[in-house]
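Q: generate coordinates for the sequence data below:
(chains A and B)
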2 protein chains.
Amino acid sequence: MSSYVVALDVGGTSMKGGLVSENGQVLVTDRRATPRAEGPDAVVTAIREFIADLAARGGAGLAGVGLAVPGLVTATSAVYAANLGWRDVPAQAFVDMDVPVMLGHDVRTGGLAESVLGAGRGVSDFLFLPIGTGIAGAMILSGRPYGGAAGWGGEIGHIPVFPDGEPCACGQLGCLETYASAASVGRRYSERSGVPGVKAEEVVASDDPVAIEVWDEAVEALSLALATYTLLLDPSVIVLGGGLAEAGPALFDPVRTRLVKRLAFRDAPPLVPASLGVNAGMLGAALLGWTAAGRPSVGEGWTMDVRSAPAVS
Amino acid sequence: MSSYVVALDVGGTSMKGGLVSENGQVLVTDRRATPRAEGPDAVVTAIREFIADLAARGGAGLAGVGLAVPGLVTATSAVYAANLGWRDVPAQAFVDMDVPVMLGHDVRTGGLAESVLGAGRGVSDFLFLPIGTGIAGAMILSGRPYGGAAGWGGEIGHIPVFPDGEPCACGQLGCLETYASAASVGRRYSERSGVPGVKAEEVVASDDPVAIEVWDEAVEALSLALATYTLLLDPSVIVLGGGLAEAGPALFDPVRTRLVKRLAFRDAPPLVPASLGVNAGMLGAALLGWTAAGRPSVGEGWTMDVRSAPAVS
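A: Numbering: from 1, shown residues only, chains lettered A, B, ... in the order given. Here you go, the predicted structure:
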């Protein structure tokens, strides 16, 4: 096998791994559970074993390793991750071999992939907003993911869109996430209708008045947050991803209409769907791996067709 | 006179000018009215004459010219300014002489000055928020003023802090500016009390229940906007300036308390007063002038003591 990197996207539930060649071929993909319940060290060990196993499948030619992880992250350290219990885990702890390693923040690494390979290709300033169980954004500014002074930026899911709104699990009031995440849309419908376990996509597709009301509030919350983002950061495009973006026009059309209405003196940026789907984090981690290997521009020549690439199962 | 630049801060009402040496001495300051009522060309002519007169006072040694102007601006062109009627005015139109010229956006040029010489010295990521007749912010990100994809960023005065709030002059609802600018604080008190022409500083200082209510709403609007900014952009400090920041503890103390309360899962950044006062725009323009002259780092060695510098009258 020619020169390649190991790429890993570490989530709270599962880890998506892959081998990616220098010309952007996704040679192998795989997925394993994240053993979060077994504690912080067990997760580090599981990552180390997953990386070693992937590298064994790749054989000679391993040029670097890239990892997307949650929490507060630098290129060389997983500084803090509440959901995994990590504090100051050095990058080398994740890798047994003597290869260069680079870490990145999970959402911003997905944003990096959309920037270099996906819906943000050729766009230097945009927001990548995956709407899933939770909501966090990756701000691509002047061509690079921006995480703020200390790396805590992008928490658009917790901006107070309704100042006197419903309490959020985070302890604040009226957060975007508590109205508009996939989990919240399902939960809010179930609370009002008395029907337990309804999923967000069912709420979106339903013409039940309660479902329409819950979805309308989600759309309103999203359009307020995107108006705020636009006025502050003047993006040239907003890329919506995550599970809820699969709703397509049922999401994009009303959010677009309300966003335009909320912006009186400036144009709204186009809203476009993310193009890398669930592979964004793993592909971004591959870009980090190639950066660690001293080839930061290698992704510019890649043409990804994620539909035909081996799916992360 | 040794080597110097001409610096000009062009506002809708007046223009503040100065000559600034390469070691940061403010050699001359002056102020003229902006002849806005006479049309776009008259303002350009007035600027050209002001610059020529300042340069005549400086004599030999003119190294460059820097201008802070409102609207959409690039380094070489005043692309669009609604309040002055400008469209695509090239930088050289403002200067008769054969010297390098650089333009900058007014608020971001003030932010540049606070970054290099003032309250943000040594801080790479912060918000500079002058609260005056209106409200706009300068975002300093990774050490530089950031204006967004096209230069329309920083409009924090028009983010919807109260989604169903009062109509703003901009055409939107519930904008920060319509509650918390100095002009709005005075106007809202006058509307409720029936007493015309009350100034913001009088409202802040008053213990009349209507004044307390109006000021409380301004503080609430500000703390919501600053919570949103903090969650999105993770600044290491927030620098408050403009006329309303002269209120001191009457502004800083309640905004700080409410900002902390609005942020459940992260610390609030420190709120600090701007240090360059009304001179920020002119001093930032001087930095632009020195950048035009090929000396972009000259300001790093300056020690400004604006209290002892010749006051812009």
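
Q: C-alpha only now, for contacts and for neighbours.
A: Will do.

Q: tell me which stretches of the stretch 151-300 of chain A form helices.
A: Under the criterion DSSP state H, counting those that start in this stretch, the stretch 151-300 of chain A contains helices at A:176-180, A:182-193, A:200-205, A:209-233, A:249-262, A:280-292.

Q: quick one, which of those helices is nearest to chain B?
A: Nearest to chain B among the helices of the stretch 151-300 of chain A is helix A:209-233 (4.6 Å), distances taken as C-alpha to the nearest C-alpha.

Q: so is the closest one next to chain B?
A: Yes - judged by C-alpha under 8 Å from any C-alpha of the partner chain, helix A:209-233 comes into contact with chain B through A:Leu224, A:Ala227, A:Thr228, A:Thr230, A:Leu231, A:Leu232, A:Leu233.

Q: quick one: the third one and B:Ile159 touch, right?
A: Yes - counting by C-alpha atoms under 8 Å, A:Thr228 does reach B:Ile159; the two are 5.0 Å apart.

Q: give me the number of residues near A:Gly11?
A: By other C-alpha atoms under 10 Å in any protein chain shown, the residues close to A:Gly11 number 18.

Q: so what's it up against?
A: A:Gly11 sits next to A:Thr34, A:Val69, A:Pro70, A:Asp106 when contact means C-alpha atoms under 8 Å, 6 or more residues apart in numbering or on different chains.

Q: before we move on, what about A:Ile47?
A: A:Ile47 touches A:Phe94, counting by C-alpha under 8 Å, 6+ apart.

Q: that's a helix at it, yeah?
A: Yes - under DSSP: H, G, I helix; E, B strand; the rest coil, A:Ile47 sits within a helix.

Q: how close does it sit to B:Ala68?
A: Using C-alpha to C-alpha, to the nearest Å, A:Ile47 is found at 52 Å from B:Ala68.

Q: of all the residues of helix A:209-233 next to chain B, which comes closest to A:Ala138?
A: A:Ala138 lies nearest to A:Leu233 out of the residues of helix A:209-233 next to chain B, by C-alpha to C-alpha, at 12.4 Å.

Q: show me where chain A has its strands.
A: Secondary structure of chain A by DSSP state E: the strands cover A:4-10, A:14-21, A:26-33, A:62-69, A:72-73, A:77-81, A:86-90, A:101-105, A:126-130, A:138-141, A:144-146, A:237-241, A:271-273.

Q: determine which stretch of those strands is the most buried.
A: Ranked by mean neighbour count, the strands of chain A are led by strand A:4-10 with a mean of 30 (mean count of other C-alpha atoms under 10 Å in any protein chain shown).

Q: which secondary structure elements does that strand contact?
A: In terms of contacts (3 or more C-alpha pairs under 8 Å, 6 or more residues apart in numbering or on different chains; DSSP states H and E), strand A:4-10 is packed against strand A:14-21, helix A:40-58, strand A:62-69, helix A:280-292.

Q: between those, which one is nearest to A:Asp253?
A: Closest among these, using C-alpha to C-alpha: helix A:280-292, at 23.9 Å.

Q: can you get me a residue count around A:Gly122?
A: 12.

Q: most neighbours of all the residues of helix A:209-233 next to chain B, which one?
A: Neighbour counts for the residues of helix A:209-233 next to chain B (other C-alpha under 10 Å) peak at A:Thr230, which has 29 neighbours.

Q: so that residue is in contact with A:Ala268, correct?
A: Yes - between A:Thr230 and A:Ala268 there is a contact under C-alpha under 8 Å: 7.4 Å.

Q: circling back to that earlier point, any chance of a markdown table for the strands of chain A, columns mean pLDDT and distance to A:Met282?
A: Shown next, in a markdown table, are the strands of chain A (pLDDT from 0 to 100; distance: least, C-alpha to C-alpha, whole Å):
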| stretch | mean pLDDT | distance to A:Met282 |
| --- | --- | --- |
| strand A:4-10 | 98 | 5 |
| strand A:14-21 | 97 | 6 |
| strand A:26-33 | 97 | 9 |
| strand A:62-69 | 98 | 7 |
| strand A:72-73 | 94 | 16 |
| strand A:77-81 | 95 | 17 |
| strand A:86-90 | 96 | 20 |
| strand A:101-105 | 98 | 11 |
| strand A:126-130 | 98 | 15 |
| strand A:138-141 | 98 | 15 |
| strand A:144-146 | 97 | 16 |
| strand A:237-241 | 98 | 15 |
| strand A:271-273 | 98 | 18 |
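
Q: where does the stretch 201-313 of chain A have low pLDDT?
A: Along the stretch 201-313 of chain A, the model assigns pLDDT under 70 to residues A:305-313.

Q: so which of the residues of helix A:209-233 next to chain B would you say is closest to B:Cys170?
A: A:Leu231 (12.4 Å).

Q: that older thread, please identify which of the helices of the stretch 151-300 of chain A is closest to A:Leu62.
A: Of these, nearest to A:Leu62 by C-alpha to C-alpha is helix A:280-292, at 9.9 Å.

Q: from the chain's centre, how far out does that closest one sit?
A: 13 Å (C-alpha atoms, centre = their mean, to the nearest Å).

Q: for stretch A:114-127, same thing?
A: That offset, for stretch A:114-127, works out to 14 Å (C-alpha atoms, centre = their mean).

Q: can you list the domain ranges for chain A.
A: Listed domain ranges for chain A are A:4-111+A:276-301, A:125-273 (source: automatic domain parsing).

Q: spell out which residues of the stretch 101-250 of chain A are next to chain B.
A: So far as C-alpha under 8 Å from any C-alpha goes, the stretch 101-250 of chain A lies against chain B at A:124-126, A:141-142, A:147-156, A:158-163, A:170-173, A:224, A:227-228, A:230-236.

Q: count of neighbours near whichever residue of the stretch 1-150 of chain A sits closest to chain B?
A: Here the stretch 1-150 of chain A gets closest to chain B at one residue, A:Gly148, 4.7 Å apart by C-alpha to the nearest C-alpha. When neighbours are counted by other C-alpha under 10 Å, A:Gly148 registers 22.

Q: now do the contacts for it.
A: By C-alpha under 8 Å, 6+ apart, the residues touching A:Gly148 are A:Gly154, B:Asp125, B:Leu141, B:Leu233, B:Asp234, B:Pro235.

Q: can you check A:Ser77 too?
A: A:Ser77 touches A:Asp88, A:Val89, A:Pro90, A:Ala91, A:Leu103, counting by C-alpha under 8 Å, 6+ apart.

Q: for burial, what's the neighbour tally of the nearest residue to A:Val195 once chain neighbours are set aside?
A: Using C-alpha to C-alpha, 6 or more residues apart in numbering or on different chains and skipping the chain neighbours, the partner closest in space to A:Val195 is A:Tyr189 (7.8 Å). When neighbours are counted by other C-alpha under 10 Å, A:Tyr189 registers 24.

Q: and for A:Ser297?
A: Residues near A:Ser297, counting by other C-alpha under 10 Å, number 12.

Q: look up the closest residue to it, ignoring the ones flanking it.
A: Nearest to A:Ser297 is A:Thr291, by C-alpha to C-alpha, 6+ apart, at 7.6 Å.

Q: and the gap between the one you found and A:Ser124?
A: For A:Thr291, the distance to A:Ser124 - C-alpha to C-alpha - is 19 Å.

Q: ok, now A:Leu224?
A: Note on A:Leu224: its distance to A:Ser124, by C-alpha to C-alpha, is 23 Å.

Q: what do you get for A:Pro296?
A: A:Pro296 is 16 Å from A:Ser124, by C-alpha to C-alpha.

Q: quick one, which of those two is more surrounded?
A: Set side by side, A:Pro296 and A:Ser124 show more neighbours around A:Ser124, with 19 against 13, by other C-alpha under 10 Å.
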